[in-house]
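*Asks:* Need coordinates for the below:
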Amino acid sequence: MNKELIQISDQELIARLQEYGTDADGAFAENTMMALRRDLEKFAAWCQQQNRLPLPATDETVRNYIYWCAEKYKPASIERYLASIAHLHRAAEQEDPTKSNRVKLALKTVKREKGTRQKQAKGMTLFDLARIEAVLEGTPREIRDYAMLRVARDGMLRSSNVVALNVEDFSFDEDGSGTVLIQRSKTDQEGRGAVKWISPDAVSALQAWWRFAGIRSGAAFLTVTRGTSVKINRVAKRDFERGIKRLSLKAGLDPLSGHSPRVGMSQDLTAAGIDLIAIMQAGGWKSTKMPARYTEHLAVKRGAVAQFYSRNPTPSKEET
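*Replies:* Sure thing, here's the model as predicted:
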């Protein structure tokens, strides 16, 4: 946090924020801090336009900000903005305006008017994977992108996990399968680590990429230029996401995202009858909310109504 961002003259508040910044250094993931800064810059800019003080902000200021945001953003985004505003006030040891009943009612009003259901990323299922495999031509980018998506799907990894992988994180077994150590993830900010299993097909795709790129240590996935040469730069998150999109479009599928391998594996596990708790463990979820949402269309086919019709087929016209 800095003086320009919060635009206040109270030296005590500035000192508190500077002290907090020093104490919090390294405590949060880089992506978390980037998102926090963007959110607060947005709030500060709006306050400046409205001639309002962002710190300490009144509940009236935050309430009006919610209604302004509702014209452009989804409720989930607004909730994140409020969390960032609350974070700022806690850092400055100020009363949190987001806890005000007026603010809570404003957010509830917006949710009722706009709804809270978010668009679900399309999953990359085993069927989709087969279609992608059928159109592979063996270009350098395809070799890398296919290896990344296989590892991402088997490990149910987020994009940030995939691009952070190193050769040293992998171990291989005699049966052709392997394991990969995820050093840190969104739900493991303290870096305890988690080991994920990957199939022989994923291992084969990964090792094919390493042979082509001459990779023996360090970053598992590197940048590939348009001229098909491999650079020493670690692949970026956007490269992984673009690679998934390229392969899906080439296979005639709807454009898939970097989240699609993780979602698709969840869906395939549900279709195979794997219970929700086991899926949570495989995907590293701490609650049932997200995996249940990813697989809700499959789960509903096993619901009470679906079971009724499977056991009691509709009578034919002759029978009636």
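
*Asks:* Can you pull out the low-pLDDT segments for the stretch 1-150 of the chain?
*Replies:* 1-32, 114-121 (pLDDT under 70).

*Asks:* At which residues are the helices of it located?
*Replies:* Under the criterion DSSP state H, counting those that start in this stretch, the stretch 1-150 of the chain contains helices at 3-6, 11-24, 30-49, 59-70, 75-91, 101-114, 126-134, 140-155.

*Asks:* Just put those helices in JSON lines and tack on distance to Phe240 and mean neighbour count.
*Replies:* Quick note: C-beta positions are derived from backbone N, CA and C, even for glycine. Output for those, formatted as JSON lines (distance: least, Cβ to Cβ, whole Å; neighbours: other Cβ atoms under 10 Å):
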{"stretch": "helix 3-6", "distance to Phe240": "31", "mean neighbour count": "16"}
{"stretch": "helix 11-24", "distance to Phe240": "29", "mean neighbour count": "14"}
{"stretch": "helix 30-49", "distance to Phe240": "14", "mean neighbour count": "15"}
{"stretch": "helix 59-70", "distance to Phe240": "30", "mean neighbour count": "19"}
{"stretch": "helix 75-91", "distance to Phe240": "23", "mean neighbour count": "18"}
{"stretch": "helix 101-114", "distance to Phe240": "31", "mean neighbour count": "15"}
{"stretch": "helix 126-134", "distance to Phe240": "15", "mean neighbour count": "15"}
{"stretch": "helix 140-155", "distance to Phe240": "6", "mean neighbour count": "24"}
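
*Asks:* can you map out the strands along the stretch 201-320 of the chain?
*Replies:* Per DSSP state E, counting those that start in this stretch, the stretch 201-320 of the chain carries strands over the ranges 222-224, 230-234.

*Asks:* lowest-confidence stretch among the ones you listed?
*Replies:* The minimum mean pLDDT among the strands of the stretch 201-320 of the chain belongs to strand 230-234 (a mean of 85).

*Asks:* Run me through the strand neighbours of that strand, direction for each.
*Replies:* Strand 230-234 has its sheet partners listed here by DSSP bridges as strand 222-224 (antiparallel).

*Asks:* circling back: figure out which of the strands of the stretch 201-320 of the chain is closest to Glu93.
*Replies:* strand 230-234 (38.9 Å; Cβ to Cβ).

*Asks:* outside of that closest one, which residues touch it?
*Replies:* 140, 163, 212-214, 219, 221-225 (Cβ atoms under 8 Å, 6 or more residues apart in numbering).

*Asks:* Hmm, Gly123 is touching Gly264, no?
*Replies:* Yes. Counting by Cβ atoms under 8 Å, Gly264 is a contact partner of Gly123 at 3.4 Å.

*Asks:* Perfect, that will be all.
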